[in-house]
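**Student:** after the sequence you'll find the predicted model.
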Amino acid sequence: MDLVEPFAVAAVVGEVDSTTTDRLQAAIDEAVKLSPHLLLDLSELGFLDSAGIRVILHAYNHAKQTGGSLAMCGLRASPQRLIELVGLAEYIPTYRTRDDALEIGPVLPV
């Protein structure tokens, strides 16, 4: 986890499923202590299931309620398809790279 102004960046590596969501949630909880604006770097995420989607959705709702923001970057094909399928891409800004997200900065949820 890094603080790269204005974001706290949490890099997600490997797989996120029902057996690993507690680690993802813990990383998100630590990241938002650094900044209310969270960037999930998913460039090393190989697999994401519905349990992971719930954690990301919870993070989005928390950001919305507290005046923060959530963005994602570096999505690989499989996780990106799921995120698009469930409609999260309509609400959470998604960037091709970490640099793209850092250049644009936080987008507050509506």
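**Tutor:** It's in. Numbering: from 1, shown residues only.
**Student:** what's the first helix or strand after the helix or strand hosting Ala51?
**Tutor:** Per DSSP states H and E, Ala51 falls inside helix 50-66. Under the assignment DSSP H and E, the closest C-terminal helix or strand after helix 50-66 is strand 69-73.
**Student:** what lines up beside that following strand in the sheet?
**Tutor:** As defined by DSSP bridges, the strand partners of strand 69-73 come to strand 37-48 (parallel), strand 94-95 (parallel).
**Student:** immediately after that strand, which helix or strand?
**Tutor:** For strand 69-73, the succeeding helix or strand toward the C-terminus, using DSSP H and E, is helix 77-85.
**Student:** now for that next one, which elements pack on it?
**Tutor:** strand 37-48, helix 50-66 (3 or more Cβ pairs under 8 Å, 6 or more residues apart in numbering; DSSP states H and E). C-beta coordinates here come from the backbone N, C-alpha and C atoms, glycine included.
**Student:** so which of those comes closest to Met72?
**Tutor:** Taking Cβ to Cβ, strand 37-48 is the member of the helices and strands packed on helix 77-85 nearest to Met72, at 4.7 Å.
**Student:** chain center to the closest one, what's the gap?
**Tutor:** Here strand 37-48 shows a centroid-to-chain-centroid distance of 6 Å under the convention Cα atoms, centre = their mean, to the nearest Å.
**Student:** ok, back up a step: most packed of the helices and strands packed on helix 77-85?
**Tutor:** For the helices and strands packed on helix 77-85, average neighbour numbers computed from mean count of other Cβ atoms under 10 Å are highest in strand 37-48, which has a mean of 21.
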